[in-house]
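Peer 1: this one's structure only:
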Ligand code: HEM
């Protein structure tokens, strides 16, 4: 039938016969995003378009093994078994991303890692991962950087103990510091708050741009993009690009001035430095294309945006759950008292001894359901799924949201219940179907960093404070989203649990 997106897609459904953009449209309107007074009309319109496309798709004749118009079916892969069979075991077939022409408007072409394919994607994904590794994954360096931010959070919250405090704002700043250190080698301390505020404004732009009905329609229906005046469509993307890329370019220029290019083996402290050294090495070897400046700006944008919003949203949602379920907070603190028993900083070495904390973070990630519609991939060659011939270039989505809400694996899936990840011996249960970072070759590039941040920020916070709601009560758990579930905005009251006051 017609979808109300992931909730209505049957679990075993792999061949889903309508355009993903109209599904997305319907999903989007259904979740009360900021389209204001257009809401009901837009939803009806979305249903009508969707019905026409489903009808067109079902009555269409198609030659197997041919690549056709992109607006024809996308395939939602909505069960874990099928995701394993396709995205994991036949990974190369599911690696490419669908190209949306609108992304060229702010990228300046097919650049970056999130939207690129082929050699460019492979080269830069590999390079980013190896840089992250060198900068601290697997070593303690990354942890040190995060713990520095944990201590900074403590000093900010300690000074506001007992008062109503904007909790997400403080986490936002801390998580931005982690990604900014990784990319550009510095944090937004007190002297750089103005710069952080400006950046926050830039970051908040895309949901506002994509949240406008006419822009959403233009991105998905080419004829609308053609008839809209430039100022209502293209200029909006270009303005965003100028402000975001302006910031990144300033960082790149500064690095270029400071790096000693005669000593390429000297120790590297951040991603941009390593990239510029690689660029120089390649240039010296006669290769100028793949490590270009425009690619670097796009990489900074991808890593900055993907690295900040995802982790802050998950953290602020986790704390919102804590405000709704004080008994869970008590249980977490009981475990912390038993295992840690003081205000010392919790490190990744403690992770295995805190099963309930891990279960809480797992359940938070499952319920946050950060990307209700996962990113759109397309097949790199003709293939067969469930006996259906699927031509090269067909849109495919690993619908992780449906998997993480499957009633069979997660009974009573709408309840927030960390205990579902605890086995009969009180140990953490590994549940394969928990895949918030997706699966296959495009699986989240920042997973290692995100996992470390979530554990260190959340466990240290709960060990130090008891969080209670402000006078307004706990934040709403109702979801709003454009491409990603939006963060919670709320104040809370903190009380130190032990130690000096
Ligand atoms: C709680 C935190 C996070 C969650 C839940 C998350 C989730 C995801 C998901 C679902 C995808 C799409 C995978 C697909 O195409 O199937 C993705 C891709 C990606 N993520 Fe994350 N992410 C998180 C944090 C981060 C961080 C901290 C970074 C960077 C520092 C990051 C960088 C990326 C990049 C670059 C991609 C695109 C990878 C590619 O196309 O090869 N993410 N993430």
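Peer 2: Yes, it's here. None of these values were measured; they are calculated from a predicted model.
Peer 1: give me phi/psi at residue 121?
Peer 2: Main-chain torsions, residue 121, degrees, to the nearest 10: phi -60, psi -50.
Peer 1: from the chain's centre, how far out does stretch 101-108 sit?
Peer 2: Its chain's average C-alpha position is 19 Å from that of stretch 101-108, according to C-alpha atoms, centre = their mean, to the nearest Å.
Peer 1: buried residues in it?
Peer 2: 102-103, 105-108 (16 or more other C-beta atoms under 10 Å). C-beta coordinates here come from the backbone N, C-alpha and C atoms, glycine included.
Peer 1: Equivalent analysis for stretch 198-207, please.
Peer 2: Applying 16+ other C-beta under 10 Å to stretch 198-207 flags 199-200, 202-203, 205-207 as buried.
Peer 1: what do you get for stretch 289-303?
Peer 2: Residues 291, 295-303 are the ones in stretch 289-303 that count as buried (16+ other C-beta under 10 Å).
Peer 1: Grab the nearest non-local neighbour of the residue of the stretch 301-450 of the chain found nearest the ligand.
Peer 2: Residue of the stretch 301-450 of the chain nearest the ligand, by C-beta to the nearest ligand atom: residue 446 (2.1 Å). Counting by C-beta to C-beta, 6 or more residues apart in numbering, residue 446 lies nearest to residue 307, which is 5.5 Å off, once chain neighbours are set aside.
Peer 1: which stretches of the stretch 151-300 of the chain form strands?
Peer 2: 164-166 (DSSP state E, counting those that start in this stretch).
Peer 1: Quick check: residues of it near the ligand?
Peer 2: By the rule C-beta under 6 Å from any ligand atom, the part of the stretch 151-300 of the chain lying against the ligand is residue 179.
Peer 1: remind me which residues of the stretch 151-300 of the chain are low pLDDT?
Peer 2: 207, 210-211, 220 (pLDDT under 70).
Peer 1: For stretch 409-426, which residues meet the burial criterion?
Peer 2: Buried, per 16+ other C-beta under 10 Å, within stretch 409-426: 409-410, 416-418, 420-422.
Peer 1: cool, and stretch 322-330?
Peer 2: Buried residues in stretch 322-330 (16+ other C-beta under 10 Å): 322-323, 325, 328-329.
Peer 1: Secondary structure and distance to the ligand for the buried residues of stretch 101-108 - can I get that in TSV?
Peer 2: Listed next are the buried residues of stretch 101-108 as TSV, based on DSSP: H, G, I helix; E, B strand; the rest coil; distance: C-beta to the nearest ligand atom, whole Å:
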residue	secondary structure	distance to the ligand
102	helix	17
103	helix	13
105	helix	19
106	helix	16
107	helix	14
108	coil	18
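Peer 1: Pull up the gap between the closest residue to residue 110 other than its chain neighbours and residue 99, please.
Peer 2: Spatial nearest neighbour of residue 110, excluding adjacent residues (C-beta to C-beta, 6+ apart): residue 116 at 5.5 Å. Here residue 116 is placed at a distance of 9 Å from residue 99 (C-beta to C-beta, to the nearest Å).
Peer 1: between these two, who's got more neighbours?
Peer 2: residue 116 (25 against 15; other C-beta atoms under 10 Å).
Peer 1: how about the residues of the stretch 351-500 of the chain that lie near the ligand?
Peer 2: The stretch 351-500 of the chain comes close to the ligand at residues 370-371, 374-375, 398, 436-438, 442-446, 449-450, as judged by C-beta under 6 Å from any ligand atom.
Peer 1: Would you mind listing which of these are buried?
Peer 2: Buried among those by 16+ other C-beta under 10 Å: 370-371, 374, 398, 436-438, 442, 444-446, 449-450.
Peer 1: out of all of them, which helix in the chain is the longest?
Peer 2: helix 293-324 (DSSP state H).
Peer 1: sorry, back to before: output the buried residues of stretch 409-426 as JSON lines; include the columns pLDDT.
Peer 2: Shown next, in JSON lines, are the buried residues of stretch 409-426 (pLDDT from 0 to 100):
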{"residue": "409", "pLDDT": "96"}
{"residue": "410", "pLDDT": "97"}
{"residue": "416", "pLDDT": "97"}
{"residue": "417", "pLDDT": "98"}
{"residue": "418", "pLDDT": "98"}
{"residue": "420", "pLDDT": "98"}
{"residue": "421", "pLDDT": "98"}
{"residue": "422", "pLDDT": "98"}
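Peer 1: List the ones among those that fall in helices.
Peer 2: Short answer: the buried residues of stretch 409-426 have none in helices (DSSP H).
Peer 1: Redo these as JSON lines? Include distance to residue 284.
Peer 2: Shown next, in JSON lines, are the buried residues of stretch 409-426 (distance: C-beta to C-beta, whole Å):
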{"residue": "409", "distance to residue 284": "53"}
{"residue": "410", "distance to residue 284": "54"}
{"residue": "416", "distance to residue 284": "55"}
{"residue": "417", "distance to residue 284": "57"}
{"residue": "418", "distance to residue 284": "53"}
{"residue": "420", "distance to residue 284": "55"}
{"residue": "421", "distance to residue 284": "51"}
{"residue": "422", "distance to residue 284": "55"}
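Peer 1: Mark which of these are part of strands, please.
Peer 2: Judged by DSSP state E, strands contain none of the buried residues of stretch 409-426.
Peer 1: Out of those, the closest to residue 140 would be?
Peer 2: residue 421 (26.8 Å; C-beta to C-beta).
Peer 1: and the residue nearest to the spatial centre of the chain, what is it in contact with?
Peer 2: In the chain, the C-alpha nearest the mean C-alpha coordinate belongs to residue 310, at 3.9 Å (C-alpha atoms, centre = their mean). Residue 310 sits next to 370, 446, 450, 484 when contact means C-beta atoms under 8 Å, 6 or more residues apart in numbering.
Peer 1: OK, contacts around the closest residue to the first one other than its chain neighbours?
Peer 2: I take that to be residue 370. Nearest non-adjacent residue to residue 370, counting by C-beta to C-beta, 6+ apart: residue 485, 5.4 Å away. Contacts for residue 485 (C-beta under 8 Å, 6+ apart) come out as 313, 317, 368-372, 479.
Peer 1: Backbone torsions only: list them for residue 485.
Peer 2: The phi/psi pair for residue 485 (degrees, to the nearest 10) is phi -60, psi 140.
Peer 1: Okay, and the beta partners of it?
Peer 2: On the basis of DSSP bridges, residue 485 is bridged to residue 481.
Peer 1: Do I have it right that residue 173 meets residue 189?
Peer 2: No. Taking contacts as C-beta atoms under 8 Å, residue 173 lies outside contact range of residue 189: 9.9 Å.
Peer 1: Looking at these two, which has the bigger crowd around it?
Peer 2: More crowded of residue 173 and residue 189, by other C-beta under 10 Å: residue 173, with 21 against 11.
Peer 1: Number of residues surrounding residue 334?
Peer 2: Count around residue 334 with other C-beta under 10 Å applied: 11.
Peer 1: Provide a list of residues in contact with it.
Peer 2: So residue 334 contacts nothing (C-beta under 8 Å, 6+ apart).
Peer 1: quick one: residue 427 and residue 354 touch, right?
Peer 2: No. Between residue 427 and residue 354 there is no contact under C-beta under 8 Å: 11.3 Å.
Peer 1: If you count surrounding residues, which of the two has more?
Peer 2: Neighbours were counted for residue 427 and for residue 354 using other C-beta under 10 Å; residue 354 has more, 22 against 13.
Peer 1: Perfect, I'm done here.
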